[in-house]
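J.: need a structure here:
(2 chains)
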Protein chains: 2
Amino acid sequence: MKLGPGIAKTPLPKGFYAGGVNSGVRKYRPDVGLIVSDLDMTAAGVFTQNEAKAAPVLWSQCLVPSNKIRAIITNSGQANAATGELGKKNNYEMVKATASVVGCAPEEVLVASTGMIGVHLNVELINKCLPELFDRVTDNAEHFANAILTTDLVPKTISTNLKLSTGEICITGIAKGSGMIHPNMATMLGYILTDAKLEAHEAHTYLKTAVDKSFNMVSVDGDTSTNDCAFLLANGATGVEIKTLEDKILFQNTVTELSQLLAQAIARDGEGATKLIEVNLHGGTDLQLARKAARGLVVSPLFKCAIHGEDPNWGRILARLGAEGIPSAELDKMTLKLQGEEIFTDGAPISFDRDKVRGLLRTDTVLVEIIFPNENRVEMVKAWGCDFSKKYVDINAEYN
Amino acid sequence: MKLGPGIAKTPLPKGFYAGGVNSGVRKYRPDVGLIVSDLDMTAAGVFTQNEAKAAPVLWSQCLVPSNKIRAIITNSGQANAATGELGKKNNYEMVKATASVVGCAPEEVLVASTGMIGVHLNVELINKCLPELFDRVTDNAEHFANAILTTDLVPKTISTNLKLSTGEICITGIAKGSGMIHPNMATMLGYILTDAKLEAHEAHTYLKTAVDKSFNMVSVDGDTSTNDCAFLLANGATGVEIKTLEDKILFQNTVTELSQLLAQAIARDGEGATKLIEVNLHGGTDLQLARKAARGLVVSPLFKCAIHGEDPNWGRILARLGAEGIPSAELDKMTLKLQGEEIFTDGAPISFDRDKVRGLLRTDTVLVEIIFPNENRVEMVKAWGCDFSKKYVDINAEYN
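T.: A predicted model of the protein is given here:
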């Protein structure tokens, strides 16, 4: 299972079709995307915990989990957040028009939107392009993955086939996200499609478990969006059910790994990013705290700047872990490694070759290992982020 | 009461003396400062809540509140944090040497340190300069205020005389801080000196109340330091006691205002800052949540970049308030003003003159007003921060 830029023709699972066109809302790139299925889809979704939820989030979270979803429509450029009653009305107009083109009921259409907050949806332009969009859907993710991007530089797609005891299935993931990335419960936009046959409550469990270890462990800038959504859509087109415990675990692990690769892709494509940062925290005794601390670290501007400058300024790592609430007794036993090189152990600095570590940091992925020698330890926690460059400021001081 | 750069000769209260010299730890600037008093001082302190507390914090928090403090020694350049047992020993060596020079017991000497984390204190160099430092103390804040700076561009001092019913007193505040600024309970380094006569428990109450509304409401980068300390030192040199309720309130309000002005000065001098941001949140119904939301906003990189670019991208403000947990029902009634201009009201965008607001943002202090029309409202909450510029990245990608 490999993920990277340029794999635009990522195949979709059996019975799925997707496309993207330009509606005219954005000048130079596709801005409306559609995923449809021949068969009814089982759908699960997790959504932003931001109290300021966008109109599409309020709509979609009422529909899932469901055994009867037919399409998901997504527009980029206008987030339809902070748009009041008119925002909800516009969202519903887009849903109705999509349902009419696809040939289903409005409550069988999920929505996700991304873009500028506080701008009313240009529903007239969007609805006008829907027939053409539906005509142009294909069996690969290319046009859809492009249509949902905002400040992203690369589309993010991944696909894998999985052999279960009951037959072979396909799982495909698509995501977008580059700024305002600090998901809580869900993320930017993430879509996981499969042609396996799932019950709605199972789909929710698989999705929630994967999201907690992937999208919820990535941060670009610590700002939680109003529009985060992740969906798992299963259309059962292969007829393959997931029955045995072994198959369930295999399916779960694959969905989790695929989500983690998409989460990494989001961090690597973070606004202004030049490096992906991966934090591995071993030996924590409290899972929630370990997750909070690992993600807190990838939010720290000081740490992110140090990594940008390839500076082994490890004191900032310790300071952030302490600020996140890792008890001092734990910090006193901690070992810290940068790119595998031991930097700090047993609560005091150790002598290390600063220039050597600087050299090790001259890489496009930086690994930070935090190790607590506890006996009653929880599972290892991973978090992803990116470095902080001047380009982030450029992008966000003149977004409009 | 005015505060600004260039008022270096800020007077100290009666009976206080302060100075700063270069010990050789830092190359080009004074790096050790001392405050002493003729008379025993009543001392209160509040300290970082970071679990990774520096050796000087662990020392000083054992001593306060106290009725018998004689000196406070401060070094800049080496934070003496994450330095283990040797760090504690070095701290004590510096305390003993200071006590010997001043002529008091070690437990009458408070310490604060600031600088690089994870570097052992060069206690030999520091102790060697102490006799000269003690010889050179004066009755103004100039040399001390300079000696405690790190990445700060300007010293931060303020002084005022206060007429109470029992007599006239002086209060002087000195602070430092520019990066790793997101205090929790205390801040970077803050010193409030007065020649009034205070009981230790009173001093603690006055200090804690002021800090919660000032240093605890400022953020430069969301990173909480290992070394934050704020002290209130009263030597009673005027013999003036604070007895009536009116005098107590006047004294509290003055200490709070003085602390707020120092907090603003820290935000204005934030690493790379070009603008001071003040957030006024009116009409909240939960004080803790209102404080969390106001300070959360000044931490948001997206919001800070927008202010840097003089871009009225108010959607980011709403998104952050929602992410901090302001309930959607409140956000739906909210009014938002930028520089006094109404931008958003009743949960939906209103039309405003974008270019006019851009023009209003072309100022060195930006006021953001958030107004909830609630009847059972808590007091207005203020928070301060600064914009996010490319210079912050420059400073922190090459701190060493």
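J.: Do you know the pLDDT at the nearest residue to A:Val255 once chain neighbours are set aside?
T.: Nearest residue to A:Val255, sequence neighbours excluded (C-beta to C-beta, 6 or more residues apart in numbering or on different chains): A:Ala210, at 4.6 Å. The C-beta positions use only the backbone N, C-alpha and C, and glycine is treated the same way. Listed pLDDT for A:Ala210 reads 90.
J.: Tell me, how many residues neighbour A:Ala210?
T.: A:Ala210: 28 surrounding residues under other C-beta atoms under 10 Å in any protein chain shown.
J.: now that we're looking at it, how far away is B:Phe134 from it?
T.: Using C-beta to C-beta, to the nearest Å, one gets 63 Å for the distance from A:Ala210 to B:Phe134.
J.: now A:Leu39
T.: 85 Å.
J.: Can you pick out the residue with more neighbours from these two?
T.: B:Phe134 (18 against 15).
J.: before we move on, which element is the residue of the stretch 151-300 of chain A found nearest chain B in?
T.: Nearest residue of the stretch 151-300 of chain A to chain B (C-beta to the nearest C-beta) works out as A:Thr224 at 3.8 Å. Secondary structure from DSSP states H and E places A:Thr224 outside every helix and strand.
J.: Can you spell out which helices and strands pack onto the longest helix belonging to chain A?
T.: When chain A is parsed with DSSP state H, its longest helix is helix A:245-268. Where contact means 3 or more C-beta pairs under 8 Å, 6 or more residues apart in numbering or on different chains; DSSP states H and E, helix A:245-268 is packed against strand A:156-164, strand A:167-176, strand A:189-194, helix A:200-212, strand A:276-282, strand A:381-386.
J.: Now do the buried residues in it.
T.: A:247, A:250-252, A:254-268 (16 or more other C-beta atoms under 10 Å in any protein chain shown).
J.: just the CA coordinates of it, formatted as PDB?
T.: The C-alpha coordinates for helix A:245-268 follow below in PDB (Å, rounded to 0.1, in the frame of the first residue of the first chain):
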ATOM      1  CA  LEU A 245     -12.800 -12.200  13.700                       C
ATOM      2  CA  GLU A 246      -9.600 -12.500  11.700                       C
ATOM      3  CA  ASP A 247     -11.200 -10.800   8.700                       C
ATOM      4  CA  LYS A 248     -12.700  -8.000  10.900                       C
ATOM      5  CA  ILE A 249      -9.300  -7.300  12.400                       C
ATOM      6  CA  LEU A 250      -7.600  -7.300   9.000                       C
ATOM      7  CA  PHE A 251     -10.300  -5.000   7.600                       C
ATOM      8  CA  GLN A 252     -10.000  -2.600  10.600                       C
ATOM      9  CA  ASN A 253      -6.200  -2.600  10.500                       C
ATOM     10  CA  THR A 254      -6.300  -1.900   6.700                       C
ATOM     11  CA  VAL A 255      -8.800   1.000   7.100                       C
ATOM     12  CA  THR A 256      -6.700   2.400  10.000                       C
ATOM     13  CA  GLU A 257      -3.400   2.200   8.000                       C
ATOM     14  CA  LEU A 258      -5.000   3.700   4.900                       C
ATOM     15  CA  SER A 259      -6.400   6.600   7.100                       C
ATOM     16  CA  GLN A 260      -2.900   7.100   8.700                       C
ATOM     17  CA  LEU A 261      -1.300   7.300   5.200                       C
ATOM     18  CA  LEU A 262      -3.900   9.900   4.200                       C
ATOM     19  CA  ALA A 263      -3.300  11.800   7.500                       C
ATOM     20  CA  GLN A 264       0.400  11.800   6.800                       C
ATOM     21  CA  ALA A 265      -0.200  13.100   3.300                       C
ATOM     22  CA  ILE A 266      -2.200  15.900   4.800                       C
ATOM     23  CA  ALA A 267       0.600  16.900   7.200                       C
ATOM     24  CA  ARG A 268       3.200  16.600   4.500                       C
END
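J.: low pLDDT regions in chain A?
T.: A:1-8, A:183-187, A:399-400 (pLDDT under 70).
J.: quick one: the strands in it?
T.: A:16-21, A:32-47, A:66-78, A:109-116, A:156-164, A:167-176, A:189-194, A:229-234, A:276-282, A:335-338, A:341-345, A:348-349, A:365-371, A:381-386 (DSSP state E).
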